[in-house]
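*Asks:* Provided below for reference: sequence and predicted model.
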Amino acid sequence: MKVSKKYWRNKILNNTNSCPNVSLFRFLGSLDFVIKSKNILEIGFGLGSDLIEFKKRGASTYGIDINKHFVNNLKKKIKNVKCIDCTKKNLGFKNIKFDLIIHRDLIYYLDNKEINSVHQNIYSSLKKNGLYVFQYVANDLIKLNKNFDNDNFDLNVIKNYKKKKFAEKYNPVRYLKHKFLLQSCLKNNFTVFGKKILIESYDKNESKIRFNRYIAFRK
């Protein structure tokens, strides 16, 4: 999507808030994925915290991003990173097949045609039985009553929220259906291997709640 690419090409992020994503690594652990000595590619790595963590754990790490600032910054720590649009045919490393390809905060910035292209590109870049894992935003919720007390949190608390986007005004994030993402991967010959739901509040008063979801596929 042109708007999304324009938004991200020259985006500057605060490096002080960067850290490896615990939920991602826990999910990989539940999938019995061994990181050491594996070829791992991250698409849209941003500040690169996850790639740096993979490298610390003994993986051969590779990354692509459309933001040249992100690429130049991460090159100081990881050699194999390139400024590439993931919707194009080549993911940048023609002679390498990957054990794992991941992306977070990416797929919901693409249109449906681009999503299909990315899935095709990833499939062709994976080793046989390689793992593909990605995260997407399922829904954002805003608290209806600011005075509502969440101290006794249970599933019924959701009725006190309404669906509403709370990303910054010009952030072109969109919400994707789980069924659509599954079908897109299945038609590109992937096999479902695992799922993970993450429910997280995004402010100090728990007035904003996001439903993130991870899906894992095998080639």
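*Replies:* All right, it came through fine. Numbers count the residues shown, from 1 in each chain.

*Asks:* longest strand in the protein, by residue count?
*Replies:* strand 126-143 (DSSP state E).

*Asks:* which strands or helices does it pack on?
*Replies:* Secondary-structure packing of strand 126-143 (3 or more CB pairs under 8 Å, 6 or more residues apart in numbering; DSSP states H and E): helix 22-30, strand 98-103, strand 161-163, helix 178-187, strand 208-218. (Glycine included, C-beta is placed from N, CA and C.)

*Asks:* secondary structure element for residue 114?
*Replies:* helix 112-125 (DSSP states H and E).

*Asks:* isn't residue 130 up against residue 217?
*Replies:* No. The criterion here is CB atoms under 8 Å, and residue 130 misses it with residue 217 at 9.3 Å.

*Asks:* picking up where we left off before, the helices and strands packed on strand 126-143: lowest mean pLDDT?
*Replies:* Confidence, taken as mean pLDDT, is least for strand 161-163 of those (a mean of 90).

*Asks:* which residue, other than its chain neighbours, is closest to the residue nearest to the spatial centre of the chain?
*Replies:* Closest to where the C-alpha atoms of the chain average out (CA atoms, centre = their mean) is residue 104, at 0.9 Å. The spatial neighbour of residue 104 that comes closest, neighbours along the chain excluded (CB to CB, 6 or more residues apart in numbering), is residue 135 at 4.4 Å.

*Asks:* show me where pLDDT drops low in the chain?
*Replies:* 1-2, 14-17, 148-156 (pLDDT under 70).

*Asks:* against the centre of it, work out the most remote residue.
*Replies:* The chain, CA atoms, centre = their mean, max distance from centroid: residue 147 (33.2 Å).
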